[in-house]
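Peer 1: next comes the sequence, and after it the predicted model I'd like to discuss.
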Amino acid sequence: MTTVPASSSVLELRSWARACLWNEGEIINLPEAVDPLQTFAERSGLVHRLGQDTVQNVIATAFAGRST
């Protein structure tokens with residue numbers, strides 16, 4: 001079975017979804033919301049392809065301006 005590399009848009013969508021869940025209180029703390037996104041980025045090869053700074057920027061952009 002061949003794994004198709006994830007695109008940055010998949011990370012963006014996942015980040016926005018988790019940010020919405022965190023904002024609505026469905027996810028209690030920020031590390032619980034963000035850590036799976038980082039893990040996804042590492043496992044899917046996005047960190048290698050885009051760089052850690054870009055991955056963090058994508059995640060941070062989704063969470064910017066949201067607070068619980």
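Peer 2: Cool, got the structure. Everything numeric here is computed off the predicted structure, so don't read it as measured data.

Peer 1: okay, now residue 22: neighbour count?
Peer 2: Neighbour count of residue 22, defined by other Cβ atoms under 10 Å: 21. Quick note: C-beta positions are derived from backbone N, CA and C, even for glycine.

Peer 1: any idea which element it lies in?
Peer 2: Residue 22 is part of helix 8-23 when elements are defined by DSSP states H and E.

Peer 1: helices or strands next to that helix in the packing?
Peer 2: Secondary-structure packing of helix 8-23 (3 or more Cβ pairs under 8 Å, 6 or more residues apart in numbering; DSSP states H and E): helix 30-43, helix 46-50, helix 52-63.

Peer 1: got the contact list for the first one?
Peer 2: Looking back up the chat, that one is helix 30-43. 6, 11, 14-15, 18-19, 21-22, 27, 46-47, 50, 55, 59, 63 (Cβ atoms under 8 Å, 6 or more residues apart in numbering).

Peer 1: okay, who's weakest in those by pLDDT?
Peer 2: Least confident of the contacts of helix 30-43 in the model: residue 6, at 73.

Peer 1: name the SS class of that residue, please.
Peer 2: Assigned state for residue 6: coil (three-state reduction, DSSP: H, G, I helix; E, B strand; the rest coil).

Peer 1: neighbours around the nearest residue to it once chain neighbours are set aside, how many?
Peer 2: Of all residues not flanking residue 6 in the chain, residue 44 sits nearest, at 3.7 Å (Cβ to Cβ, 6 or more residues apart in numbering). Number of residues near residue 44 (other Cβ under 10 Å) recorded here: 17.

Peer 1: cool, and the one 5 residues further on?
Peer 2: Burial of residue 49 is recorded as 14 neighbouring residues (other Cβ under 10 Å).

Peer 1: please apply the same query to residue 11.
Peer 2: Residue 11 has 23 neighbours, counted by other Cβ under 10 Å.
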